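[1] Sequence plus predicted model, see below.
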Amino acid sequence: MKTVCVIQARLGSTRLPGKVLMDICGKPMIQHVVERAQAIQGIDAVGITIPFSDYPAFSGFEWFDPFFVGLRRPEDVLGGYYSLAREMGADVIVRITGDCPLLCPDVSKFVLDEFWGAHGYDLYYNTAMNEGGWIGIDGLDTEVFTRDALDRAHREAIGLEREHVTSYMRRTMKTLYVPGFSGGECYKLSVDTQKDLDFVRRIMARIPVGDYSWEATKEAIRAELQQIS
């Protein structure tokens, strides 16, 4: 079975427009995401889905040229995943978002391993919320689902459930929450605001180049928080 990772990205973020192309330690944010996604063991190929209007801005980067690219309407992210998965011949899809530059391949692999080990579910995910907000770590977000689940969601989902790829799956299909190995820690590592971006830049600068592990990331976070305090 062919397993592909599809990253969704856009320039039209309301709180921090153009964030996925903003620099972090000498590279645009989205490049960090792509490189880390490529390092997930068990992934056969990596693709990226972006709105039609964003293509000129992305295509100027050398690293972007070799990738599978799916162009879509801004409001139909689900359709973008469906089209790109078909083009790439995917049987299994790993969903990553472009605003998670500290994505840890070992955490993503943990979710993928659950997919292969705990059969009978349509969607496996490591992000969850309660009334107080995110549970665990926001920024290592990984979802794994079958091609059949994606095809069904594409056929049946309407409205806002097309903007959020797995909303329909979570509402109608069998899902499994994979909590991972955060040890009860709660960190905000995705980038939604300038404050988030500044924090991630400081964390990234502390991580040894090429070390994408959660252990290295956790050590960098603790060192940064200790310095702040």
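    Nice, I can see it. Not measured: the values here are computed from a predicted model. Numbers count the residues shown, from 1 in each chain.

[2] just the strands in the protein please.
    Remark: strands assigned in the chain by DSSP state E are 3-8, 23-24, 27-28, 45-51, 68-72, 92-97, 123-125, 129-130, 133-134, 137-138, 143-146, 175-177, 187-188.

[3] In CSV: these, plus mean pLDDT, mean neighbour count and distance to Thr217.
    Backbone N, C-alpha and C define where each C-beta goes, glycine included. What follows is the strands of the chain, written out as CSV (pLDDT from 0 to 100; neighbours: other C-beta atoms under 10 Å; distance: least, C-beta to C-beta, whole Å):
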stretch, mean pLDDT, mean neighbour count, distance to Thr217
strand 3-8, 97, 23, 19
strand 23-24, 98, 15, 13
strand 27-28, 96, 19, 16
strand 45-51, 96, 22, 20
strand 68-72, 92, 18, 27
strand 92-97, 98, 23, 16
strand 123-125, 96, 23, 20
strand 129-130, 62, 8, 22
strand 133-134, 58, 12, 16
strand 137-138, 88, 22, 9
strand 143-146, 97, 24, 20
strand 175-177, 94, 16, 21
strand 187-188, 89, 18, 9
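
[4] Let me see the contact set for the residue positioned nearest the centre of the chain.
    The C-alpha lying nearest the average C-alpha coordinate of the chain belongs to Ile96 (C-alpha atoms, centre = their mean; 1.9 Å). Contacts for Ile96 (C-beta atoms under 8 Å, 6 or more residues apart in numbering) come out as Cys5, Val6, Ile7, Gln8, Val33, Ala37, Leu103, Ser108, Asp141, Thr142.

[5] Tell me how far the fourth one lies from Cys186.
    When C-beta to C-beta, to the nearest Å is applied, the distance between Gln8 and Cys186 equals 24 Å.

[6] repeat for the last one
    Computed as C-beta to C-beta, the Thr142 to Cys186 distance reads 17 Å.

[7] Just the pLDDT for the residue lying closest to Asp54 once chain neighbours are set aside.
    Nearest non-adjacent residue to Asp54, counting by C-beta to C-beta, 6 or more residues apart in numbering: Leu11, 4.8 Å away. Per-residue pLDDT puts Leu11 at 96.

[8] I'd say Leu11 and Met22 touch.
    No: using C-beta atoms under 8 Å, Leu11 is not in contact with Met22, being 10.4 Å away.

[9] show me what contacts the residue nearest to Asp54?
    By C-beta under 8 Å, 6+ apart, the residues touching Leu11 are Pro17, Gly18, Val20, Leu21, Pro51, Asp54, Ala57.

[10] which helix of this protein spans the most residues?
    helix 214-228 (DSSP state H).

[11] buried sites along that helix?
    Neighbour-count burial for helix 214-228, with 16 or more other C-beta atoms under 10 Å as criterion, is recorded at Trp214, Thr217, Lys218, Ala220, Ile221.

[12] One more: stretch 167-183?
    Ser167, Tyr168, Met169, Met173, Thr175, Val178, Gly180, Ser182.

[13] Distance to Phe115 added to the strands of the chain, as JSON lines?
    Formatted as JSON lines, those follow (distance: least, C-beta to C-beta, whole Å):
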{"stretch": "strand 3-8", "distance to Phe115": "9"}
{"stretch": "strand 23-24", "distance to Phe115": "29"}
{"stretch": "strand 27-28", "distance to Phe115": "29"}
{"stretch": "strand 45-51", "distance to Phe115": "17"}
{"stretch": "strand 68-72", "distance to Phe115": "21"}
{"stretch": "strand 92-97", "distance to Phe115": "7"}
{"stretch": "strand 123-125", "distance to Phe115": "5"}
{"stretch": "strand 129-130", "distance to Phe115": "21"}
{"stretch": "strand 133-134", "distance to Phe115": "22"}
{"stretch": "strand 137-138", "distance to Phe115": "19"}
{"stretch": "strand 143-146", "distance to Phe115": "4"}
{"stretch": "strand 175-177", "distance to Phe115": "9"}
{"stretch": "strand 187-188", "distance to Phe115": "24"}
